[in-house]
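Participant: let me see the structure of the following:
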Amino acid sequence: MASSSSSNMDPDVAWSLFEEGATLVLLGVPQGTELGIDCKSWQVGPRFRGVKMIPPGLHFLHYCSVNSPSCGGEIGPKTGLFLTLKPREILLANWDPKEEDLDFSASRNEEEVNRIRGTLRELDPFLGPYPYEVMRKWVSLTDHISEKLASDLQPLTGRICAFSDVVPELQFRHTKDRAEQPRNDTACQSMKEGLDRLPKMKHREGTELRFSVIPKKTYPPGATPAEITKCSMDLSYALEGVLEKKYENQPLNLLGELQFAFVCFLIGNVYEGFEHWKSLLALLCRSEEAMRRRKELYLGLITVLYHQLGEVPPDFFVDIVSQNNFLTSTLQDFFQFATGPGVDGILQKKAEKFKTHLTKKFRWDFDADLDDCAPVVVELPEGVTVD
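Facilitator: Numbers count the residues shown, from 1 in each chain. Reported below is the predicted structural model:
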C-alpha cells in the first residue's frame, strides 16, 4: 500500500485526519491479499500493518484471501463488513489463517489496544493512509446508512460474503431418509425434473443479509378484481406495507437499505444485493399514490440514484438475452408518475431534470413506447431458410 494518496491532500485536512482520524491495525494479513476500504482496494505488501487517518463514520472494509504463488495465486471470494469508527479510535484485528478471515476479538482487550496506541509512532511507517480522494464518492453512496441500519441489515455473523454459505434444507442423517428421496440414477425427462431432483438449499443460519421482505402479493386480503388490478399497476399498498413493517417512523431508512444493497453489490460483489436493489427500486418507482404523499422520500430517491448511476457503465442494466434494459423501463414508469397530477411541483421539476441528465448521459429514451422497441419478427416464405 503506497502513501501517495495523502500527498495531494489539503494540509489542514491531513493534519485533522492525523489528529482525529481512526486507525485500523490489521496484523498478519498475508502478502498479496486484496484488501480495501470503501471504494478503493490494494494488494497487501510485506510491510502492511493497517490503515491510518480514517475519517470517523461508516466504512466498508473488504478483502480477498490469495493462495501462495506455489498454489496458483488464485484470489478467493470477497468478504466485507461495515464498521462505524469513532474519532481517534483504534480497531485491532489479527489474520486467522485457518478461517482466512480477520479476527477482531483483540479489539475487546483494552490492555492490548492501549499497548498498540502506545506504539503507534513506531507502527506509522507500516500504515497506509486512508484514500481521501474517494471520500466524497463514498459519502454520496452511503449518506442514508446509519450505524444501526448497517448493523440491522448485516448478517448476524457480521460478514458479508460474495459467495453464499448454503446448506441443504433437509438434513438426511439416516439411510432411510436418503432412500426416500428421488433417485438420480435415471435420465431426467425435462429441465424441471432435473431441477426438482437437486437438494433444496438455504442460507446457513446467521449468514443471510437481513433485507426487508418485499411482498409477492401487492394487494390487500379480500381485494376485489378491480382493487387487484389497481394495486398491481400502482404498488403503493405494497410499499406502505414494507415501510410500516420496518421503517414506519423513518421512511428515509428505506433509501439507506437501497444504498446498502447497492454497496454490497458494487463493492462486495454480492449478487443478492443487486437483485434486492432492483426489487426495491421497482417498488419505489411504481408507487404512484406514494409519490403524491411522500415528497421527501422521492426527492431523496432521485439524489441516491443520481450518485449510484454515476458508478455503472451505460450498458450494465441491459439483459444480454433479450436486450431489455430493466432500468429504462422502471424509470420510464417513475418519470410518468412523478410528473403526473397531484405530485409536488419541486419533485416534478427535480424528476424532469434527472430525466434530462440520464437521457444526455446514457442516451436512454424514456419517451419511446416500449412495445415499439420490441424485436420485429419477420415471417419467411415457406421453404426459405436463413443460414
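
Participant: any weak-confidence spans in this protein?
Facilitator: For the chain, the stretches flagged by pLDDT under 70 are 1-8, 68-73, 164-206, 319-324, 369-387.

Participant: outline the domain layout of it.
Facilitator: The chain breaks down into these domains under automatic domain parsing: 4-134, 225-370.

Participant: any chance of TSV for the ones you listed, columns distance to Tyr219 and mean neighbour count?
Facilitator: From N, CA and C alone the C-beta is placed, and that goes for glycine too. Output for the domains of the chain, formatted as TSV (distance: least, CB to CB, whole Å; neighbours: other CB atoms under 10 Å):
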stretch	distance to Tyr219	mean neighbour count
domain 4-134	35	16
domain 225-370	4	17
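
Participant: ok, which of those comes nearest Lys217?
Facilitator: Ranking the domains of the chain by proximity to Lys217 (CB to CB) places domain 225-370 first, at 7.9 Å.

Participant: the closest one: how far from the chain's middle?
Facilitator: Chain-centre distance of domain 225-370: 15 Å, with CA atoms, centre = their mean, to the nearest Å.

Participant: so Arg88 sits right up against Phe18, yeah?
Facilitator: No: if you go by CB atoms under 8 Å, Arg88 and Phe18 don't touch, sitting 10.4 Å apart.

Participant: could you pull up the residues touching Arg159?
Facilitator: Shown in contact with Arg159 (CB atoms under 8 Å, 6 or more residues apart in numbering): 79-81, 101, 207.

Participant: just the CA coordinates of stretch 225-239, formatted as PDB?
Facilitator: Presented in PDB, the C-alpha positions along stretch 225-239 are these (Å, rounded to 0.1, in the frame of the first residue of the first chain):
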ATOM      1  CA  PRO A 225     -60.700  -7.800  -9.000                       C
ATOM      2  CA  ALA A 226     -60.700  -4.100  -9.600                       C
ATOM      3  CA  GLU A 227     -58.500  -3.500  -6.500                       C
ATOM      4  CA  ILE A 228     -56.100  -6.300  -7.500                       C
ATOM      5  CA  THR A 229     -55.700  -4.600 -10.900                       C
ATOM      6  CA  LYS A 230     -55.100  -1.200  -9.300                       C
ATOM      7  CA  CYS A 231     -52.600  -2.500  -6.800                       C
ATOM      8  CA  SER A 232     -50.700  -4.400  -9.500                       C
ATOM      9  CA  MET A 233     -50.300  -1.200 -11.500                       C
ATOM     10  CA  ASP A 234     -49.700   1.200  -8.600                       C
ATOM     11  CA  LEU A 235     -47.500  -0.600  -5.900                       C
ATOM     12  CA  SER A 236     -48.200   2.000  -3.200                       C
ATOM     13  CA  TYR A 237     -50.100  -0.600  -1.000                       C
ATOM     14  CA  ALA A 238     -47.100  -2.900  -1.100                       C
ATOM     15  CA  LEU A 239     -44.600  -0.100  -0.400                       C
END
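
Participant: what sits up against that stretch?
Facilitator: Contact with stretch 225-239 is made by 214-215, 217-220, 223, 282-284, 286-290, as judged by CB under 8 Å, 6+ apart.

Participant: go again with 7 Å.
Facilitator: For stretch 225-239, contacts defined as CB atoms under 7 Å, 6 or more residues apart in numbering pick out 215, 218-220, 223, 283-284, 286-290.

Participant: show me the two of these that sit farthest apart.
Facilitator: Ala223 and Leu284 (21.6 Å).

Participant: now the helices for the stretch 1-150 of the chain?
Facilitator: With DSSP state H, counting those that start in this stretch as the criterion, the stretch 1-150 of the chain has helices at 11-20, 110-118, 120-123, 135-142, 147-153.

Participant: show me what the last one is packed against.
Facilitator: To tie it back to what came earlier, the one meant is helix 147-153. In terms of contacts (3 or more CB pairs under 7 Å, 6 or more residues apart in numbering; DSSP states H and E), helix 147-153 is packed against helix 253-266.

Participant: and the angle for the helix it packs on with helix 135-142?
Facilitator: Angle, helix 253-266 to helix 135-142, by axes from the mean of the first three to the mean of the last three CA atoms, to 10 degrees: 120 degrees.

Participant: after helix 253-266, next one along is what?
Facilitator: Toward the C-terminus, helix 253-266 is succeeded by helix 271-285 as the next helix or strand (DSSP states H and E).

Participant: now do the strands in the stretch 101-250 of the chain.
Facilitator: 101-103, 127-129, 160-161, 166-168, 201-203 (DSSP state E, counting those that start in this stretch).

Participant: list the contacts for the closest residue to Lys52 other than its chain neighbours?
Facilitator: Setting aside the residues directly before and after it, Lys52 is nearest to Leu127 in space (CB to CB, 6 or more residues apart in numbering), at 4.0 Å. Counting by CB under 7 Å, 6+ apart, Leu127 touches 23, 49-52.

Participant: can you do 10 Å?
Facilitator: 1, 3, 23-26, 47-53, 120 (CB atoms under 10 Å, 6 or more residues apart in numbering).

Participant: return the member of those nearest to Leu92.
Facilitator: Nearest to Leu92, judged by CB to CB, of the contacts of Leu127 is Val25 at 4.8 Å.

Participant: surely that closest one is in contact with Ile54?
Facilitator: No: Val25 is beyond contact range of Ile54, at 11.3 Å (criterion: CB atoms under 10 Å).

Participant: give the residues shared as contacts by the two.
Facilitator: In contact with both Val25 and Ile54: Leu91, using CB under 10 Å, 6+ apart.

Participant: and the gap between the nearest residue to Asp38 once chain neighbours are set aside and Gly21?
Facilitator: Once flanking residues are discounted, Asp38 sits nearest to Trp138: 4.2 Å by CB to CB, 6+ apart. Plainly put, Trp138 is 14 Å away from Gly21 if you go by CB to CB, to the nearest Å.

Participant: residues touching Glu257, list them.
Facilitator: For Glu257, the contact set (CB under 10 Å, 6+ apart) comprises 144-145, 149, 152-153, 210-212, 242, 246-247, 276-277, 280.
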